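A.B. asks: build me a model:
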Amino acid sequence: MNVQVLDRELDRLEGLWEQGLSDTYRSYLETVRDREPDMQPKLALAAALIEMGIRLQGLGGHAAPATTLLMGDLCLARASRLLADNATQAVQVAFAKAIEGLSA
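C.D. replies: Predicted structure coming up:
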């Protein structure tokens, strides 16, 4: 994923990049090395956005303030679009099950 694409995906989420999203992205990038090279950054970013979105929304715990919930929604929406555009149905289902498990 080139810098322009990454910048587009992070539009309005730049602050989160400095608050740990970049570290989470890099850690997921290590776990997707078995995927096609052009898919690796997209899957890693989707996973990082999902983790950040769940954390921001406080899923499974107390609800976050409205502005924080909206940022979490934006993270989850971006991740969903990345997966819909780039991942197989099996990968999309696996992500959905992981989110369901974390939010229960």
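A.B. asks: quick check, central residue of this structure?
C.D. replies: Centroid-nearest residue in the chain: L49, 1.9 Å away (criterion: C-alpha atoms, centre = their mean).
A.B. asks: quickly find the element holding that residue.
C.D. replies: L49 is part of helix 40-57, with elements assigned from DSSP states H and E.
A.B. asks: mean confidence (pLDDT) on whichever helix or strand comes after that helix, please.
C.D. replies: Counting by DSSP H and E, the next helix or strand C-terminal to helix 40-57 is helix 66-86. Averaged across helix 66-86, pLDDT comes to 92.
A.B. asks: circling back to that earlier point, spit out the contact partners of the nearest residue to the residue nearest to the centre of the chain once chain neighbours are set aside.
C.D. replies: Spatial nearest neighbour of L49, excluding adjacent residues (C-beta to C-beta, 6 or more residues apart in numbering): A79 at 3.8 Å. The C-beta positions use only the backbone N, C-alpha and C, and glycine is treated the same way. By C-beta atoms under 8 Å, 6 or more residues apart in numbering, the residues touching A79 are 45-47, 49-50, 53, 95.
A.B. asks: cutoff 7 Å now
C.D. replies: By C-beta atoms under 7 Å, 6 or more residues apart in numbering, the contact set of A79 is 46, 49-50, 53.
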